[in-house]
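A.B. asks: Here's my sequence, what's the structure:
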Amino acid sequence: MVSDFDPTRWLPDDLLDRIRERAAVHDRENTFPEQDLAELTDAGYLAILVPTELGGGGLGLAEASVLQQRLAGAAPATALAINMHLVWTGVAKVLADRGIDDLRFVQEGAVAGEVFAFGISEAGNDLVLFGSDTDAAPRADGSYSFTGTKIFTSLAPVWTQLGLHGLDTTSADAPQMVYAFVPRTEEADGHIVTRDDWDTLGMRGTQSRTTELHGAIAPADRVVRRIDPRPEPDPLVFGIFGVFEVLLASVYTGIARRALDLSVQTVGKRRSKKSGLAYSQDPDIRWRIADMAIAYDALPPQLERICRDIDDHVDHGRRWFSLLAGVKHRAVTMAKGVVDDAILVSGGSSYFSGSELSRLYRDVIAGMFHPSDPESAHTTVATAWLGPVEA
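C.D. replies: Numbers count the residues shown, from 1 in each chain. Alright, predicted model coming up:
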């Protein structure tokens with residue numbers, strides 16, 4: 001159980017202190033946190049979801065969620081970048097737990113130090129997992145050639161394997177969505193172009209640059225699925241959506257916790273000129289911080305329950321996607337509200353760009369852009385409760 005889990009085994013306080021100190025630098029200089037990645041790799045963090053028998057940490061999604069909340073409290077951008085690697089190791093776990101060994105190479109690669117990036121997002125593609133503007137061209141040896149543009153490719157400077165999808169329109173059973181992994185090798189030079197275009201409001205350390213694919217090759221043994229481009233209960237699609245949503249929710253829940261902690265620290269130190277008392281004694285501020293805590297307290301247990309249901313193969317049927325979209329949406333909106341209130345109770349110093357709360361304010365805004373966005377989440381939940389819109 002999470003209550004018996006010691007997160008300091010994987011993220012000790014001194015490591016988090018170093019990561020938090022570097023976070024401000026990477027935000028200011030718009031650079032990738034190479035040292036964070038190196039230290040997390042040395043700590044075995046990239047393999048926390050890999051079974052112990054393969055050399056990994058043997059953790060479940062509930063424990064990974066707790067860790068990502070903790071890491072996000074130190075450096076949201078680092079946590080969000082690492083999230084994308086953990087998504088693929090999490091999907092590998094979801095499949096392996098159900099007797100499907102298709103992503104064993106992801107588990108072995110994570111233990112060996114490979115860094116897996118998430119190449120699904122495309123500009124204007126609101127079909128997300130059920131459509132793609134990237135062309136997936138089959139080759140005679142069973143490999144696929146991918147041509148297209150992926151956006152928000154976190155870990156762009158350092159990934160060694162890009163998990164992605166594209167649409168095969170030429171095969172006899174076309175169209176088919178193709179999920180595969182493209183390695184970053186010397187042979188791939190020129191076929192994979194990473195633009196240096198990540199200059200954003202927040203989450204700057206993720207370096208989620210645009211990736212151009214010009215006939216990038218996924219070897220035959222890295223082509224993991226060909227499925228119809230429509231919503232269906234394929235374990236790979238469920239794994240991607242499920243792990244992506246709960247780990248995203250974890251990062252934004254961690255941001256909220258850090259904002260709440262900073263608020264408590266700040267109002268305990270600031271004193272009113274009028275009353276001479278600490279602002280922690282002001283009834284309006286006490287009410288606002290209580291409201292922040294009430295909103296925050298709902299999310300960790302929700303995340304634990306949903307993560308455990310994924311790990312334990314609980315069958316929520318067609319409600320699964322609404323539950324997953326819902327928890328991500330709630331986490332993001334809760335975190336945005338908590339950070340807004342944290343800015344208010346902490347005073348004008350939080351408006352300066354060097355303030356940690358200022359950075360959290362900019363980082364938390366990124367949550368609205370990740371799938372499921374507010375419109376998609378509400379559509380998914382409405383369909384679960386009301387059925388599809390009549391034609």
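
A.B. asks: So what touches the helix or strand bottoming out on mean pLDDT in the chain?
C.D. replies: Using mean pLDDT, DSSP states H and E, helix 374-386 stands out as the lowest-scoring helix or strand of the chain, at a mean of 93. Helix 374-386 has contacts (C-beta atoms under 8 Å, 6 or more residues apart in numbering) with 126, 318-319, 321-322, 325-326, 328-329, 333, 368, 372, 389. No exception for glycine: its C-beta is placed from N, CA and C like everyone else's.

A.B. asks: Mind giving me the PyMOL select for the residues you listed, buried ones only?
C.D. replies: The following PyMOL command selects only the buried members of the contacts of helix 374-386, with burial defined by 16 or more other C-beta atoms under 10 Å:
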select buried, resi 321+322+325+326+328+329+333+372
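
A.B. asks: mind listing what's buried in the least confident helix or strand of the chain?
C.D. replies: Neighbour-count burial for helix 374-386 [16+ other C-beta under 10 Å]: 377, 379-381, 384.

A.B. asks: sorry, back to before: of the contacts of helix 374-386, the lowest pLDDT goes to which?
C.D. replies: Among these, Arg318 has the lowest pLDDT, at 87.

A.B. asks: How about it, nearest residue that isn't a chain neighbour?
C.D. replies: Closest residue in space to Arg318, ignoring its immediate chain neighbours: Ala384 at 6.4 Å, by C-beta to C-beta, 6 or more residues apart in numbering.

A.B. asks: and the gap between the one you found and Asp196?
C.D. replies: Going from Ala384 to Asp196 by C-beta to C-beta, to the nearest Å gives 41 Å.

A.B. asks: care to break the chain down by domain?
C.D. replies: For the chain, the structural domains run 2-115, 117-227, 235-386, going by automatic domain parsing.

A.B. asks: how distant is the shortest one from the center of its chain?
C.D. replies: Yep, that's domain 117-227 we're talking about. With C-alpha atoms, centre = their mean, to the nearest Å as the basis, domain 117-227 stands 17 Å off its chain's centre.

A.B. asks: Which stretches in the stretch 1-150 of the chain count as helices?
C.D. replies: 13-29, 34-42, 61-74, 76-97, 104-112 (DSSP state H, counting those that start in this stretch).

A.B. asks: so where's the protein uncertain?
C.D. replies: The model of the chain has pLDDT under 70 over residues 1-3.

A.B. asks: In it, spot the helix with the most residues.
C.D. replies: Identified as the longest helix of the chain according to DSSP state H is helix 235-269.

A.B. asks: now what about the helix or strand just after it, what contacts it?
C.D. replies: Next along the chain after helix 235-269, taking DSSP states H and E as the criterion, comes helix 283-297. With C-beta under 8 Å, 6+ apart as the test, helix 283-297 has contacts from 253, 256-257, 259-260, 263-264, 267, 279-280, 334, 337-338, 341-342, 344-345.

A.B. asks: Which members of those are classed as buried?
C.D. replies: 253, 256-257, 259-260, 263, 267, 279-280, 334, 337-338, 341-342, 345.
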